[in-house]
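[1] sequence isn't available, so here's the structure alone:
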């Protein structure tokens with residue numbers, strides 16, 4: 001029987017504590033020898049947890065040093081103290097289970113190296129997409145496949161905002177829906193990590209490392225948030241047959257690996273376009289299995305605690321020293337800069353409504369070898385018009401040059417909106 005020490009008794013920690021309390025018999029039925037929670041380290045008690053029969057310490061490092069603890073569960077969040085705690089546990093020969101995506105994305109290589117030296121494992125299923133078993137699916141279910149790409153909605157807050165902005169008859173602004181998300185508890189008072197893509201980039205860092213065996217490289221990810229997406233973009237995307245989703249995309253190429261997080265137009269008949277609200281979904285493209293999708297709740301006490309418990313049980317069953325990241329090729333990996341990405345684009349231009357403007361726009365696009373696949377032109381006000389263009393596949397660097405030249409036109413009256421388009425089949 002593995003003995004567990006839990007550090008952190010917040011939303012996820014309390015959910016895990018109550019899984020131990022309420023589902024012990026079920027866990028024992030499935031494992032034959034259920035792990036046992038023997039100690040909790042927390043700054044304060046949680047009102048939903050009965051700690052009367054559990055050893056409690058206010059110093060979380062007591063758990064890392066407790067010789068009776070086999071598995072330390074880190075649920076305190078952050079990176080500095082969490083890293084110190086995890087390294088202390090590893091140095092004391094303990095396995096580690098964590099839901100801390102930032103810790104793994106930023107310090108994972110160091111943590112995994114220390115774990116390998118001490119012959120212990122580090123598991124982090126709960127760090128990505130809450131209750132969706134995406135790590136286990138890639139590491140085990142698709143182990144025999146060469147994975148070509150991973151793409152997903154991996155932040156529930158941004159997906160809720162884009163879904164609400166696109167609801168029938170909505171016409172709501174980003175700021176309005178963000179306020180609702182905060183009121184509902186889906187977004188923090190400072191929503192930067194969610195809406196600017198940092199949270200998704202942490203998760204994509206880990207997914208790419210598992211999928212492709214490359215080093216954890218958060219700094220290599222191109223990251224763009226959703227705060228510039230307008231209700232006009234939502235309407236025009238719908239008219240063109242698309243939904244806007246905030247995606248993390250990792251793709252294997254012959255010349256390196258693409259890592260990017262940004263708003264993306266996805267054809268509305270595709271599965272990712274139909275994922276609404278705070279739900280998460282990850283698609284994986286591989287050579288043998290083809291495209292597979294994994295869908296579920298991306299956060300919350302129950303789903304995240306479920307993923308943590310799955311890791312605890314996995315360690316209890318196997319006792320393996322191989323961490324979830326697998327064997328990583330630490331040789332030099334080239335991460336493809338965003339300028340070398342080739343895709344099609346949605347462009348929206350606000351222009352003065354007068355003869356010859358469209359001719360100037362199309363002439364500039366032609367100079368840069370940009371073909372127009374679809375076009376919408378609508379009057380906005382008596383003197384203004386909106387031009388919406390879907391382009392052919394083209395290098396990012398080339399569309400950037402075209403946008404700069406278009407933006408310099410006197411007839412263009414506002415910043416040009418540009419959203420990448422992706423196809424996952």
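    Arrived safely. Here the structure is a predicted model, which is why all the values come from computation and not from measurement.
[2] any idea of the mean pLDDT for stretch 358-377?
    Averaged over stretch 358-377, pLDDT sits at 95.
[3] tell me the contacts of residue 173?
    Residue 173 is in contact with 165, 230-231, counting by C-beta atoms under 8 Å, 6 or more residues apart in numbering. The C-beta positions use only the backbone N, C-alpha and C, and glycine is treated the same way.
[4] let's go with 10 Å and repeat that
    165, 179, 229-231 (C-beta atoms under 10 Å, 6 or more residues apart in numbering).
[5] over to the nearest residue to residue 68 once chain neighbours are set aside: give its phi and psi.
    Closest residue to residue 68 apart from its sequence neighbours, by C-beta to C-beta, 6 or more residues apart in numbering: residue 3 at 5.7 Å. The phi and psi values for residue 3, taken as degrees, to the nearest 10, are phi -110, psi 130.
[6] shaky segments in the stretch 301-425 of the chain?
    Low-confidence segments of the stretch 301-425 of the chain (pLDDT under 70): 319-331, 380-383.
[7] pretty sure residue 370 contacts residue 396?
    No - judged on C-beta atoms under 10 Å, residue 370 makes no contact with residue 396 at a distance of 11.9 Å.
[8] okay, those two: which has more neighbours?
    residue 370 (22 against 19; other C-beta atoms under 10 Å).
[9] assumed the more buried one was part of a strand.
    No - going by DSSP: H, G, I helix; E, B strand; the rest coil, the assignment for residue 370 is coil, not a strand.
[10] which residues sit in contact with the closest residue to residue 9 other than its chain neighbours?
    Leaving aside its chain neighbours, residue 9 sits nearest to residue 42 (3.8 Å; criterion: C-beta to C-beta, 6+ apart). Taking C-beta under 10 Å, 6+ apart as the criterion, residue 42 is in contact with 6-10, 13-14, 17, 49, 51, 56-58, 60, 63, 75-76.
[11] same thing but 7 Å
    Counting by C-beta atoms under 7 Å, 6 or more residues apart in numbering, residue 42 makes contact with 8-9, 56.
[12] packing partners for whichever helix or strand residue 82 is part of?
    Element membership for residue 82 (DSSP states H and E) is helix 80-91. Judged by 3 or more C-beta pairs under 7 Å, 6 or more residues apart in numbering; DSSP states H and E, helix 80-91 is in contact with helix 60-65, strand 71-74, strand 95-98, helix 101-118.
[13] switch to 6 Å and redo it
    Secondary-structure packing of helix 80-91 (3 or more C-beta pairs under 6 Å, 6 or more residues apart in numbering; DSSP states H and E): helix 60-65, strand 71-74, helix 101-118.
[14] and the angle for it with helix 101-118?
    Taking axes from the mean of the first three to the mean of the last three C-alpha atoms, to 10 degrees, one finds helix 80-91 and helix 101-118 inclined to each other by 20 degrees.
[15] tell me the mean pLDDT over helix 80-91?
    pLDDT averaged over helix 80-91 gives 97.
[16] got the buried residues for it?
    82-83, 85-90 (16 or more other C-beta atoms under 10 Å).
[17] count of neighbours near residue 26?
    Residue 26 has 11 neighbouring residues, counting by other C-beta under 10 Å.
[18] all strands for the stretch 101-250 of the chain, in order.
    Ranges of strands in the stretch 101-250 of the chain, per DSSP state E, counting those that start in this stretch, are 122-123, 147-153, 222-223, 242-253.
[19] for stretch 102-112, buried residues please.
    For stretch 102-112, the neighbour count (16+ other C-beta under 10 Å) marks 102-109, 111-112 as buried.
[20] then stretch 218-237?
    Counting neighbours by 16+ other C-beta under 10 Å, the buried set in stretch 218-237 is 218, 220-227, 229, 231-237.
[21] what does that stretch contact?
    105-106, 158, 165-166, 171, 173-174, 195-197, 201, 205, 244, 246, 259-263, 265, 335, 338, 388, 417 (C-beta atoms under 6 Å, 6 or more residues apart in numbering).
[22] which one of the contacts of residue 42 is nearest residue 403?
    Closest approach to residue 403 among the contacts of residue 42 (C-beta to C-beta): residue 8, at 45.6 Å.
[23] my guess is that closest one contacts residue 73. True?
    No - with contacts counted by C-beta atoms under 6 Å, residue 8 stays clear of residue 73, the gap being 7.8 Å.
[24] the two - which one has more neighbours?
    Neighbours per residue (other C-beta under 10 Å) separate residue 8 from residue 73, with residue 73 holding more: 32 against 25.
[25] and the more buried one, what does it touch?
    6, 97.
[26] kindly report the same for residue 392.
    Contacts of residue 392 (C-beta under 6 Å, 6+ apart): 371, 373.
[27] now swap in residue 411 and tell me
    With C-beta under 6 Å, 6+ apart, residue 411 has these contacts: 351-352, 357.
[28] can I get those residues in JSON lines including secondary structure and distance to residue 411?
    Supplementary listing: the contacts of residue 411 in JSON lines, determined by DSSP: H, G, I helix; E, B strand; the rest coil; distance: C-beta to C-beta, whole Å:
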{"residue": "351", "secondary structure": "strand", "distance to residue 411": "5"}
{"residue": "352", "secondary structure": "strand", "distance to residue 411": "4"}
{"residue": "357", "secondary structure": "helix", "distance to residue 411": "5"}
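[29] tell me which element residue 365 falls in.
    Assessed by DSSP H and E, residue 365 sits inside helix 357-367.
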